[in-house]
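Visitor: Got a sequence here, can you model it:
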Amino acid sequence: MPRRVAPIPAAPSASTAEELLPLRAKPAPPTSPREITRDEVADVFENIARLLALDGENPFKVRAYQNGARAVEMFAGNLREAVVGEDAPGIPGLGEALALKVKELVTTGRLDFYERLRERLPAGILELFEIPGLGDKKIKALHDQLKVTSVAKLEEALRAGVVAKLPGFGEKTAQNLLAAIERRKEVADLFRLGDVAADALAVHEALRGHPEVIRVSPAGSFLRRKEIVHDLDFVVSTRAPETVGEFFATLPTVRRVEARGPTKVSVRLASGVPCDLRLVADAEYPFALQHFTGSKEHNLAFRQRVLARGWTLNEYRLAADKPDAAPVPKVRDEAGLYGALGFAWIPPELRENAGEWEAAALAEGPGLPRLVELENLRGTFHCHTTASDGRDSLRAMAEAARELGFQYLGIADHSKASFQANGLDAGRLLAQVAEIRALNAELAPDFRLFAGTECDILKDGSLDFPDEILAQLDYVVASVHASFTLPEAEQTRRLVRAMGNPHVTMLGHATGRLLLTRPGYAVDLAAIIEAAAATGTIIELNASPRRLDLDWRWWHRARDAGVRCAINPDAHRTAGFQDLWFGVAAARKGWLRREDVVNCLPLGEVETALGAKRTRSS
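Guide: Numbering: from 1, shown residues only. Below is the predicted model of the structure:
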């Protein structure tokens with residue numbers, strides 16, 4: 001077996017509650033410029049293409065930058081090594097002129113051509129591309145005919161009724177655009193967990209390395225693993241708060257300082273995320289960390305229990321509040337603080353006042369579950385390759401999974417109904433199955449690829465492939481990719497019918513939500529869980545930080561109903577495996593244990609688990 005790449009632990013320890021973050025975020029040291037990523041280079045090329053199109057440039061030049069963006073996205077190697085140096089091999093599909101622009105980006109962090117192009121066009125024009133339903137042609141029409149140069153100008157034009165009159169728009173399109181702008185306003189100050197993880201790691205690593213920092217941890221909703229956060233919070237213990245506060249305020253990741261005081265520094269990071277640093281003495285650290293981590297409901301319940309003992313608690317200390325109160329024990333860490341009240345240390349993920357107090361009571365509680373951990377995963381499913389809309393080949397995905405120490409990997413490329421994702425028809429799917437079987441002969445016995453499909457659930461609940469095709473696969477992920485607007489009862493019947501098929505192993509992204517972008521479709525999740533339990537269907541926890549679907553709030557109920565979970569990254573490239581960290585975080589927040597997650601099973605047992613539903617139906 002290859003060496004397992006030791007992932008950074010998914011949860012803080014009971015003794016320190018210090019949070020460590022995923023491997024996918026690897027910032028440069030705080031004193032060095034941050035190296036631009038492949039996705040950022042692709043975004044620059046995509047934006048250049050958009051700006052050139054709006055500027056009336058030759059369509060061939062526009063397409064060159066679009067193709068350049070795709071070439072960079074699909075490139076699996078190191079960008080700097082590919083374009084810097086006399087013997088640099090270059091990037092496949094990228095011409096010399098664009099390769100030089102990549103070189104400029106990776107060596108300087110900026111592209112002069114892009115900056116000059118942006119100066120020629122209105123500053124807010126690119127934000128129009130963030131509105132669903134708007135592409136190059138529609139934005140150019142809005143700009144040329146109505147002088148729309150920003151989302152604010154677009155909203156004015158929509159409310160004035162003039163957009164609906166433009167050719168190619170109409171009243172329905174105008175209504176949809178206005179609704180999209182309203183949704184954008186609602187989430188303007190919110191961030192997905194995945195959007196802030198790299199920033200959290202960079203700040204944490206910088207603070208942890210400072211000689212005057214004694215203890216440091218993220219806090220707040222990030223440490224509780226909420227899928228959506230408003231900001232980042234850090235708690236530091238130190239004997240030199242002014243020195244550490246100044247260091248924090250001048251980190252390369254900081255765009256501007258919002259407020260600065262002896263115990264708190266507030267900044268706005270370059271990414272736009274607000275970030276607060278709380279500075280306390282080391283004796284105050286456990287109280288501050290608990291105070292700034294628990295949800296309001298959890299902390300209120302905490303204080304009620306403190307008051308019942310005749311004590312008082314704030315972010316700095318625990319003290320007696322009544323003369324006849326019991327002596328206050330000395331508290332050195334969060335575990336000691338919870339223990340002083342007669343409770344086991346409660347993991348941050350569970351601090352939502354949703355049953356954790358009753359479970360954690362040392363005297364009579366049932367005990368907190370031993371939550372699943374990242375290192376418990378032995379493999380994963382629902383991964384895509386270049387056969388559909390993935391960016392890496394079957395072999396590359398297999399090799400990356402083996403490098404992580406996985407025992408198995410499930411390949412589930414899209415089915416033919418997902419034509420926009422280059423979905424496979426029956427012939428291409430069976431050819432892939434043959435390729436997987438041949439590769440397994442090479443990789444055995446330490447590793448196995450499972451041949452599957454992400455099969456579209458059609459509008460009536462039938463599946464995109466007939467049973468005779470599905471029967472030749474190791475497993476099937478059934479997912480909805482269209483007809484999102486069905487009434488709840490009809491949508492529920494649709495999913496329940498699909499789960500009734502004996503070849504459907506697991507239900508993919510059960511609500512179809514895209515966090516901060518698209519709400520999930522209307523569906524009765526209680527009925528879905530009941531159907532999954534009745535049919536033996538596994539429900540996926542889609543680990544993509546854009547989805548995290550099924551929502552953590554439903555997993556305790558699903559677990560108690562006997563429904564098993566599959567934590568799947570929905571990976572479209574090898575780097576997508578790192579998203580499993582977010583899936584494990586959501587699973588922990590949903591009270592899931594190792595035994596509740598099917599991909600914690602070793603290879604021999606997971607083979608049986610994947611075939612259990614078919615065996616029961618035969």
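
Visitor: how near is the residue nearest to the spatial centre of the chain to residue 260?
Guide: When the chain is reduced to its mean C-alpha position, the nearest residue by Cα atoms, centre = their mean turns out to be residue 545, at 1.4 Å. Counting by Cβ to Cβ, to the nearest Å, the separation of residue 545 from residue 260 is 31 Å. Where C-beta positions appear, they are placed from N, C-alpha and C, glycine not excepted.

Visitor: Does the residue nearest to the centre of the chain touch residue 198 like I think?
Guide: No - between residue 545 and residue 198 no contact is recorded; they are 11.1 Å apart, counting by Cβ atoms under 8 Å.

Visitor: domain assignment for this structure?
Guide: 38-186, 191-287, 293-360, 374-617 (automatic domain parsing).

Visitor: who wins for proximity to residue 366 among the ones you listed?
Guide: In terms of Cβ to Cβ, the element of the domains of the chain nearest to residue 366 is domain 293-360, at 5.6 Å.

Visitor: any low-confidence regions in this structure?
Guide: Low-confidence segments of the chain, defined by pLDDT under 70, span residues 1-35, 618.

Visitor: tell me which element residue 304 is part of?
Guide: Following DSSP states H and E, the helix or strand that holds residue 304 is helix 296-308.

Visitor: Now do the next helix or strand after that helix: which elements does it pack against?
Guide: Along the chain past helix 296-308, the next helix or strand (assigned with DSSP H and E) turns out to be strand 311-313. Under the contact criterion of 3 or more Cβ pairs under 8 Å, 6 or more residues apart in numbering; DSSP states H and E, strand 311-313 touches helix 296-308, strand 318-320.

Visitor: Just put the ones you listed in a markdown table and tack on distance to residue 575 and mean neighbour count.
Guide: Shown next, in a markdown table, are these (distance: least, Cβ to Cβ, whole Å; neighbours: other Cβ atoms under 10 Å):
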| stretch | distance to residue 575 | mean neighbour count |
| --- | --- | --- |
| helix 296-308 | 34 | 15 |
| strand 318-320 | 44 | 16 |
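
Visitor: Strands along the stretch 201-350 of the chain, start to end?
Guide: Here the stretch 201-350 of the chain has its strands, by DSSP state E, counting those that start in this stretch, at 213-219, 228-229, 232-238, 254-260, 264-269, 274-280, 311-313, 318-320.

Visitor: Partner strands of the third one and their direction?
Guide: Right, the one you point to is strand 232-238. Applying DSSP bridges, strand 232-238 is found paired with strand 213-219 (antiparallel), strand 274-280 (parallel).

Visitor: Pull the distance from stretch 237-257 to the chain's centre.
Guide: Between the mean C-alpha point of stretch 237-257 and the mean C-alpha point of its chain there is a distance of 28 Å (Cα atoms, centre = their mean, to the nearest Å).

Visitor: Straight-line length of it, end to end?
Guide: As for stretch 237-257, its first-to-last residue distance stands at 21 Å under the measure Cα to Cα, to the nearest Å.

Visitor: Now do the same contact list for the nearest residue to residue 460 once chain neighbours are set aside.
Guide: Closest residue in space to residue 460, ignoring its immediate chain neighbours: residue 494 at 6.9 Å, by Cβ to Cβ, 6 or more residues apart in numbering. Residues near residue 494 by Cβ atoms under 8 Å, 6 or more residues apart in numbering: 457, 459, 460, 461, 480, 483, 486.

Visitor: which of these lies closest to residue 48?
Guide: Of these, the one sitting nearest to residue 48 (Cβ to Cβ) turns out to be residue 480, at 35.0 Å.

Visitor: Return the residues in contact with that closest one.
Guide: Contact partners of residue 480, counting by Cβ under 8 Å, 6+ apart, are 456, 457, 491, 494, 495, 509, 512, 521.

Visitor: From residue 420, how far off is it?
Guide: If you go by Cβ to Cβ, the gap between residue 480 and residue 420 works out to 14 Å.

Visitor: that older thread, now distance to residue 266 too, for the strands paired with strand 232-238, in JSON lines please.
Guide: Formatted as JSON lines, these follow (distance: least, Cβ to Cβ, whole Å):
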{"stretch": "strand 213-219", "distance to residue 266": "14"}
{"stretch": "strand 274-280", "distance to residue 266": "5"}
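
Visitor: got the contact list for residue 104?
Guide: With contacts defined as Cβ under 8 Å, 6+ apart, residue 104 is in contact with 110, 111, 112.

Visitor: Wait, the second one touches residue 103, no?
Guide: Translated: residue 111. No - contact between residue 111 and residue 103 fails when scored by Cβ under 8 Å: they sit 10.0 Å apart.

Visitor: Can you lay out the domains of the chain as JSON lines showing distance to residue 367?
Guide: Output for the domains of the chain, formatted as JSON lines (distance: least, Cβ to Cβ, whole Å):
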{"stretch": "domain 38-186", "distance to residue 367": "40"}
{"stretch": "domain 191-287", "distance to residue 367": "21"}
{"stretch": "domain 293-360", "distance to residue 367": "6"}
{"stretch": "domain 374-617", "distance to residue 367": "12"}
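
Visitor: Out of those domains, the one nearest residue 368 is which?
Guide: Between residue 368 and the domains of the chain, the tightest spacing by Cβ to Cβ is seen for domain 293-360, at 5.0 Å.
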